[in-house]
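*Asks:* Structure, please.
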Amino acid sequence: MSYVHDNTIQSYHVDMINEKMELTTSYYDKEMVTVLFSGYCAHLFENVTCNNIIFDIYELSIEKFIDIYGENFDRWGKYSFPFYYESGNEFISEIKGERKIYYIQAVVGLDGFVIAENIHYEKHSLIVHES
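*Replies:* Alright, predicted model coming up:
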């Protein structure tokens, strides 16, 4: 079961110097989940709106990544995105190392991927218990 299914994205922050990305989400007013990407390399988000609801976040195989985004490799390479490479094969070799591709699948709004070494979820309750 996903930690972020039907969560709304509240914010995201990239710390390029320390190679970290933090994605803050909430599930109604019940809980908050912070998604931490360490060993951050790059991300590409599309369809970002003021109402972004996540279906799931999962690791994408290199084969599926090529199916979805392969036609962009030449264009991205001209701008060294997500890093410098001269060919699609060089790009794939670099990704197959320590990095993984995490796909953010949307119900509404933000959709895309993060390239990082690891992902970690921190769950926090937002319900205040009165005594």
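*Asks:* Could I get the buried residue list for the helix or strand of the chain with the lowest mean pLDDT?
*Replies:* Of all helical and strand segments in the chain, the minimum by mean pLDDT, DSSP states H and E falls on helix 88-95, at a mean of 80. Residues of helix 88-95 classed as buried: 91, 92, 94, 95 (neighbour count, 16 or more other C-beta atoms under 10 Å). Quick note: C-beta positions are derived from backbone N, CA and C, even for glycine.
*Asks:* now swap in stretch 67-78 and tell me
*Replies:* By 16+ other C-beta under 10 Å, the buried positions in stretch 67-78 come out as 73, 76, 77.
*Asks:* can you put the buried residues of helix 88-95 in a markdown table and add distance to residue 126?
*Replies:* Putting these into a markdown table (distance: C-beta to C-beta, whole Å) gives the following:
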| residue | distance to residue 126 |
| --- | --- |
| 91 | 40 |
| 92 | 41 |
| 94 | 39 |
| 95 | 36 |
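*Asks:* If you count contacts, what does the least confident helix or strand of the chain end up packed against?
*Replies:* helix 62-69, helix 73-78 (3 or more C-beta pairs under 8 Å, 6 or more residues apart in numbering; DSSP states H and E).
*Asks:* Quick one: neighbours of residue 104, just the number.
*Replies:* Residue neighbour count, defined by other C-beta atoms under 10 Å, stands at 25 for residue 104.
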